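Chemist: below are the sequence and a predicted model for it; my questions follow.
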Amino acid sequence: YAIGNMLEGSLGALPENIRKYLEMLNEDCRRLMGTVNDILDMGKIEAKKLFLSKVRIPFARMVRRTSESLRIQAEAKGLQMSIAAPEGIAFVDCDPQKMERVIINIVANAIKYTPEGGRIDIRVTTDPAKPGMVNLQVEDTGIGIPAEYLHLVTERYFRVGDQASGSGLGLSIAKELVQLHGGQVELSSPPPGKTGGTLASVVLPIAESPRILVVDDEPFVLDALERQLRQHGYTVVLAHDGDEAIAQATAQPPDVMV
Ligand code: ATP
Ligand code: MG
């Protein structure tokens, strides 16, 4: 917090060189906090005391925001990063803090294990071969994972050779958290059809989209709201007046009413 306050100007304007160091310190603190949280979660999972507080969230938006927070880190390393996560593709029931950890751990790996000049492509997709599931794919053009280690890297503390620093916990905690959400982490290296790099996928069960009852006596307003909400993946029910709204809400109570 102290560093954040200084960066926000609590001690007045900072010389550029000091500002840069503070930003690096801030980044290091955040990374360290992440590792500490991973270790704490590990202990809780072991003791079967990790409880998820789940909410229904638009998954693509979470992926986009969380990945964007790592863009500076990727670009500082000369990596290109693309994010294709269409709004409204799927809702997921998840513990937002835990799911953010999963996304950060996997994207951070792609950044860490891809040398300068490489690319990271992040996608949220659905696959007809896996009905009812949504897929987060993080593909990099990095050093790859040797075939004989693919099944080991999701084990605690396992690391391939002596690479850039790390504790070897990121993927194992991601795997455990995703399994607690009823999903799977899958790795392929190289990604299908490629000659190098790694593809990490998180496959999660899709939750029913929230129902929104929109009430307005102005058809134009109904139409505009309906279109916008549907685009974001919501199930929309319309009512043109109060009586209709009461009938709709009684027949099947909506999650939200506008
Ligand atoms: P941290 O706990 O800080 O995440 P870590 O990155 O070493 O440390 P994991 O995220 O669990 O640990 O990854 C385990 C090992 O798998 C890594 O040490 C690395 O050897 C390999 N690995 C993971 N992701 C990739 C990737 N995208 N490309 C190449 N190797 C990877
Ligand atoms: Mg890692």
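Modeler: Structure received. Ligands and ions are numbered 1, 2, ... in the order given.

Chemist: show me the contacts for the residue in the stretch 101-250 of the chain that ligand 2 sits nearest to.
Modeler: Ranking the residues of the stretch 101-250 of the chain by distance to ligand 2 (CB to the ion) places residue 170 first, at 2.9 Å. C-beta coordinates here come from the backbone N, C-alpha and C atoms, glycine included. Listed by CB atoms under 8 Å, 6 or more residues apart in numbering, the contact partners of residue 170 are 38, 105, 106, 108, 109.

Chemist: tell me which element the last one falls in.
Modeler: Secondary structure assigned from DSSP states H and E places residue 109 in helix 96-112.

Chemist: so residue 88 sits right up against residue 228, yeah?
Modeler: No. With contact defined as CB atoms under 8 Å, residue 88 does not count as touching residue 228 (10.3 Å).

Chemist: shared neighbours of the two, anything?
Modeler: Joint contacts of residue 88 and residue 228 (CB under 8 Å, 6+ apart) do not exist.

Chemist: more neighbours: which of the two?
Modeler: residue 88 (16 against 12; other CB atoms under 10 Å).

Chemist: longest helix in the chain, by number of residues?
Modeler: Assignment by DSSP state H gives helix 16-46 as the longest helix of the chain.

Chemist: now for that one, which elements pack on it?
Modeler: Packing partners of helix 16-46 (3 or more CB pairs under 8 Å, 6 or more residues apart in numbering; DSSP states H and E): helix 2-7, helix 96-112, helix 170-180.

Chemist: can you list the ones you listed in CSV and add distance to ligand 1 and mean pLDDT?
Modeler: As requested, the helices and strands packed on helix 16-46 are arranged in CSV below (distance: least, CB to the nearest ligand atom, whole Å; pLDDT from 0 to 100):
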stretch, distance to ligand 1, mean pLDDT
helix 2-7, 21, 87
helix 96-112, 3, 95
helix 170-180, 2, 94
